[in-house]
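*Asks:* Fold the following for me, if possible:
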Amino acid sequence: MSLPIEIAGLDTLLPDIDDGTIVIVEGGADVAKNFFVRRLCRTAFHAGRPITFITSRDGSEVQALFTRENGEAARTGASINVLERDAVDSLSAFIPKGGVLAVDSFSFLTLGLAPTDLALMLRELHRTTRETGAIVLLATDQGMLDPRGEAVVTHLAEGHIEFHAQEGTEGLLRFIRIPKWADGRFIDRNIYYEFDGKRIAIDLRARVL
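*Replies:* Numbering: from 1, shown residues only. Model prediction:
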């Protein structure tokens, strides 16, 4: 099995995420990366896959957000289990078999971990993910991990998706980069998009930064 991306335009370049893989979703202050992770959870939820969503934010607020985005079926928490944490040093126990583990604030929740401990966590996560057929989505904030920690996370994850926003000749430009993917390829181009808080709209036209 795999998890479809289901974002028009992006899905032509990156159709899905294979089971048993870890994907880093990195971005700055723009909340598009967080929306993207929730969008993938929504796809998994409607496919009947169990979801564990770990956040450093108020758990009831995030559960309410899932309810608004996924309908009343998400209210019970039976399929979307939201957990509020201040820090984590292990994640394997949270992985739902055949489901999706999403960590909304991975770089913040692991601030106290040394790079060696971070590597141990991710290697254990790899083993459990492959055994259970689950997918792990780790949302990280640009610049929050130190260089060694960032190198560890990038090296041990199969996929890496970056959300960027910067000023260009046409004003604020948002674009996605995919420097690493599970099948060994990378996409050496900027994938431009617009985001209104409710939808990511991919624009494949060329831009000048």
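
*Asks:* For the residue lying farthest from the centre of the chain, give its distance to G184.
*Replies:* Centroid-distance maximum for the chain: T169 at 29.3 Å, with CA atoms, centre = their mean. Using CB to CB, to the nearest Å, T169 is found at 34 Å from G184. In this view, the C-beta of every residue, glycine as well, is placed from N, C-alpha and C.

*Asks:* Give the buried residues for the helix or strand bottoming out on mean pLDDT in the chain.
*Replies:* The least trusted helix or strand in the chain, going by mean pLDDT, DSSP states H and E, turns out to be helix 59-70, with a mean of 78. Of the residues in helix 59-70, 59, 62-63, 65-67, 69-70 count as buried by neighbour count, 16 or more other CB atoms under 10 Å.

*Asks:* The closest residue in space to R127 that isn't next to it in sequence and T52, how far apart?
*Replies:* In space, R127 comes closest to S92 once its chain neighbours are excluded; the distance is 7.6 Å by CB to CB, 6 or more residues apart in numbering. Distance from S92 to T52, counting by CB to CB: 11 Å.

*Asks:* Comparing the two, which residue is more hemmed in?
*Replies:* Counted by other CB atoms under 10 Å, S92 and T52 do not tie: T52 has more neighbours, with 21 against 17.

*Asks:* by contact count, what packs against the host helix or strand of that one?
*Replies:* Using DSSP states H and E, T52 falls within strand 51-55. The contact analysis (3 or more CB pairs under 8 Å, 6 or more residues apart in numbering; DSSP states H and E) places strand 51-55 against helix 32-46, helix 59-70, strand 80-84, strand 100-103.

*Asks:* which stretches of the protein have low pLDDT?
*Replies:* For the chain, the stretches with pLDDT under 70 are 70-78, 206-209.

*Asks:* would you list every one of the strands in it?
*Replies:* 2-4, 16-18, 22-27, 51-55, 80-84, 100-103, 135-141, 159-168, 171-180, 187-195, 200-203 (DSSP state E).

*Asks:* Compare these and report which one is nearest to K33.
*Replies:* Among the strands of the chain, the nearest to K33 by CB to CB is strand 22-27 (3.3 Å).

*Asks:* pull the CA atoms of that closest one into PDB?
*Replies:* The C-alpha coordinates for strand 22-27 follow below in PDB (Å, rounded to 0.1, in the frame of the first residue of the first chain):
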ATOM      1  CA  ILE A  22       9.800   8.300   7.200                       C
ATOM      2  CA  VAL A  23       9.300  11.600   5.500                       C
ATOM      3  CA  ILE A  24      10.600  15.000   6.800                       C
ATOM      4  CA  VAL A  25       8.300  18.000   6.000                       C
ATOM      5  CA  GLU A  26      10.300  21.100   6.600                       C
ATOM      6  CA  GLY A  27       9.300  24.700   6.500                       C
END
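
*Asks:* I'm done for today, thanks for sticking with me.
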